[in-house]
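Colleague: next comes the sequence, and after it the predicted model I'd like to discuss.
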Amino acid sequence: MIVGPNACGKSTLLRSLSRLLKPTAGSVLLDGKDVQSYRGKEFARELGLLPQQSLAPEGITVVDLVSRGRFPYQRLFTQWTDKDEAAVRRALEATQLVELSTRPVDELSGGQRQRVWIATALAQETPILLLDEPTTYLDLAHQLEVLDLCSRLNREGRTLVAVLHDLNQAARYATHLIAMRNGSIVAEGTPREVVTEETVRAVFGVRTRVVDDPESGTPLVIPLSRDAVVGVDRPGDTATARAST
Amino acid sequence: MSSETAAPDTLVERPIWPRRTRFVALGGGRARLKVDLRTLVITGLLALVTVAVSVWSLGVGSVEGANLPLDRVAGAFAGTESEAIQRIVVEGRLPRVLVAVLGGASLGLSGAIFQTLTRNPLGSPDIIGFTSGANTGALVAMLVLGLGYGGATFGALIGGLATGIAVYLLALKDGINGTRLIVVGIGISAMLIAFNGFLLVRARVENAATAAAWGQGIFGELRFADVVPVALSLVVLLPALALLTPSMRMFELGEDSAQSRGVHTGRAQFLLLLVGVGLVAVTTAVAGPIAFIALVAPQVAMRITRSPGIPLITTAAVGATLLVVSDALARTMLAPVQLPVGVVTTALGGVYLLGLLIAQSRKVAA
């Protein structure tokens, strides 16, 4: 999981990894091969992306939207095969959407809708899945629902890379945590290694106390009650920084 | 798993597709084509209406006594009617009916492409300047260069394509953003309309009258030679559009989603714009600028089929139906005076647009 202040380059990093952005210097490698050299559909069978904002056409049904995830597998004269059908069904089952499959997406709740988008990404059947703030705009129950789904997918063998805003949630759900600031990586490792009072201050400019989460035993960040924000330079000033790996 | 154990499984499995979605096996049976029943039925009905109105339209004249019953229309094709009747039906009325059907379909499809790419119902070629550009080209050819209707065809083709390229280049910045394309297009359209007005004011009165008539659609002048380019452009552009359609559908989910699923977004956008401009330019060059069909047909098709996104084949059918009906109305409403078809489509389109806006504002208010 990736954390960091606004405009520190988290989304830029995901967009470079998923080759929506071409790095100005350096290159992104997947299995030793430059991602820019992959063919479009070939790459889309390796790596899926759930962008921060997605648009659904008005009135589209859940199953129709999820089936769009099969685009990388479709060829000119083979529009829809048993494999496509099975992948869509698996994606719906994994996200508990089978019951809702014929419902229009715009009638669903925010959490259900986010599950539909995740299902669409799952139908793409990629070993790697990038998620850009999958919990934004969701209430607490739906945030946890999405994160639990992600961690289940991860246990089932998929590589998931997610940008998260909530540091405590990231600490709880991450297996590997990356903290970014000003377009570069400040710290990475297990949540315990990364989430420390020093790192949080260095990355977010906020003074905190880090204690053990009584539920999960992972680090829990508590901002100090007074003068918690340290007067350092505004992180948002470097929005143009381009990340590359 | 053996087939005996699989069978009961599939029986209890809950169907995931809505009832209106069916799959038709293709060729070997492994691949299937997704078919929407409602869309299929509606498109079929529209095709029937188009054929019926076309046949009726072949029999209707704009002067008293020129109305022919169905059997005499058939006789004109079979060669059993007098030569005069044959000429009226086959050489006079058939071309304009054919151009109305093919041109209506072209305009509708063009609108569908632009509205899908821009994800905006206002993103149709008549709003974003291509139609005004074609009109400018025709006016320059007729009034400045004095080339008459024949020159107008080429002028319109060049004007439409040039405007298309200009709008594309001006809106281009890391690919095409739908809203930017519309705003740039509306700006260019406004300038071109002003320039068209200037050309008409400067022209001699009799030339200006002909040119202004061209600007409303010139269905009365159509001959068989005019059907050929429209039909040819469809023969070339329809297969191209069919190849691009799966990519185009992905644009409905946003550009990032499309690109991350393997759509070459820049290339697909450019080719789709090319097809869209081509469709509208050829029809406009032949028949004059016909307002509102490209704007209205995709939206009507989407609403009557209740599909997400714009159904292409239904849009083509709606466009054809609309233009054939408009032409029939234009010829008969004030007979013996023939209205320009553009006046009828504008009236229909205006009513439709108003209805759409009212319905939308109600929805927002509710």
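Modeller: Happy to help now that I have it.

Colleague: and the strands in chain A?
Modeller: Here chain A has its strands, by DSSP state E, at A:2-3, A:29-30, A:33-34, A:47-50, A:80-81, A:128-132, A:159-163, A:177-181, A:184-189, A:208-212, A:219-223.

Colleague: would you put the C-alpha positions of the helix or strand hosting residue B:210 in PDB?
Modeller: In this assignment (DSSP states H and E), residue B:210 forms part of helix B:205-214. Only the C-alpha atoms of helix B:205-214 are listed here, as PDB (Å, rounded to 0.1, in the frame of the first residue of the first chain):
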ATOM      1  CA  VAL B 205     -29.800  38.800 -54.200                       C
ATOM      2  CA  GLU B 206     -30.600  36.000 -56.500                       C
ATOM      3  CA  ASN B 207     -27.400  34.100 -55.700                       C
ATOM      4  CA  ALA B 208     -28.000  34.700 -52.000                       C
ATOM      5  CA  ALA B 209     -31.500  33.100 -52.300                       C
ATOM      6  CA  THR B 210     -30.000  30.000 -53.900                       C
ATOM      7  CA  ALA B 211     -27.200  29.800 -51.400                       C
ATOM      8  CA  ALA B 212     -29.600  30.300 -48.500                       C
ATOM      9  CA  ALA B 213     -31.900  27.500 -49.900                       C
ATOM     10  CA  TRP B 214     -28.800  25.200 -50.000                       C
END
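
Colleague: got a list of contacts for it?
Modeller: Here helix B:205-214 makes contact (CB atoms under 8 Å, 6 or more residues apart in numbering or on different chains) with B:135, B:138-139, B:142-143, B:149, B:152, B:199-201, B:203, B:288, B:340. Every C-beta, even on glycine, is put in place using the N, C-alpha and C of the backbone.

Colleague: and of these, the nearest to residue B:179?
Modeller: Nearest to residue B:179 among the contacts of helix B:205-214 is residue B:135, at 24.6 Å by CB to CB.

Colleague: any stretches of the chain with poor pLDDT?
Modeller: You didn't say which chain, so I picked chain A. A:77-78, A:231-245 (pLDDT under 70).

Colleague: that's the other chain; I wanted chain B
Modeller: Counting by pLDDT under 70, chain B shows low-confidence ranges at B:1-12, B:27-30, B:62-66, B:174-176, B:360, B:363-366.

Colleague: near chain A, which residues of it?
Modeller: B:13-14, B:16-18, B:21, B:23, B:26-27, B:30-34, B:119, B:243, B:246, B:249-250, B:252-254, B:256-257, B:259-264, B:306-309 (CB under 8 Å from any CB of the partner chain).

Colleague: can you tell me which of the residues you listed are buried?
Modeller: B:16-18, B:21, B:31-32, B:119, B:246, B:249-250, B:252-254, B:256-257, B:259-263, B:307-309 (16 or more other CB atoms under 10 Å in any protein chain shown).

Colleague: burial of residue 126, as a residue count?
Modeller: As the question left the chain open, I've gone with chain A. 21 (other CB atoms under 10 Å in any protein chain shown).

Colleague: that was the other one, I meant chain B.
Modeller: 29.

Colleague: show me what contacts it?
Modeller: B:132, B:289, B:291, B:292, B:294, B:295.

Colleague: highest neighbour count among those?
Modeller: Counting by other CB under 10 Å, top hit in those: residue B:294 with 35 neighbours.

Colleague: and that residue, helix, strand or coil?
Modeller: helix (DSSP: H, G, I helix; E, B strand; the rest coil).

Colleague: distance of the spatially closest residue to it that is not a sequence neighbour from residue B:349?
Modeller: Closest residue to residue B:294 apart from its sequence neighbours, by CB to CB, 6 or more residues apart in numbering or on different chains: residue B:111 at 3.3 Å. Distance, residue B:111 to residue B:349, by CB to CB, to the nearest Å: 11 Å.

Colleague: counting neighbours, go ahead and name the busier of those two.
Modeller: residue B:111 (32 against 22).

Colleague: gap between the helix or strand hosting that one and the chain center?
Modeller: Assigned by DSSP H and E, residue B:111 falls within helix B:94-118. Using CA atoms, centre = their mean, to the nearest Å, the distance from the centre of helix B:94-118 to the centre of the chain it belongs to is 2 Å.

Colleague: quick revisit: tell me which of the strands of chain A sits most buried.
Modeller: strand A:2-3 (a mean of 28; mean count of other CB atoms under 10 Å in any protein chain shown).

Colleague: helices or strands up against that one?
Modeller: helix A:10-17, strand A:159-163, strand A:177-181 (3 or more CB pairs under 8 Å, 6 or more residues apart in numbering or on different chains; DSSP states H and E).

Colleague: need the contact list for residue B:13.
Modeller: residue A:89.

Colleague: do you know how far it is from residue B:249?
Modeller: 27 Å.

Colleague: just to revisit the earlier point, quickly list what's touching both of residue B:111 and residue B:349.
Modeller: Going by CB under 8 Å, 6+ apart, residues that sit against residue B:111 and also against residue B:349 are B:293, B:295, B:296.

Colleague: mind listing what the residue in the stretch 51-200 of chain B that chain A sits nearest to touches?
Modeller: Closest approach of the stretch 51-200 of chain B to chain A (CB to the nearest CB) occurs at residue B:119, with a separation of 6.9 Å. Each residue near residue B:119 by CB under 8 Å, 6+ apart is listed here: A:55, B:178, B:251, B:252.

Colleague: quick one: which of these is most hemmed in?
Modeller: residue B:251 (24 neighbours).

Colleague: Three-state assignment for the closest residue to that residue other than its chain neighbours, please.
Modeller: Ranked by CB to CB, 6+ apart and with sequence neighbours excluded, the top spatial neighbour of residue B:251 is residue B:258, at 5.2 Å. Using three-state DSSP, the secondary structure recorded for residue B:258 is helix.
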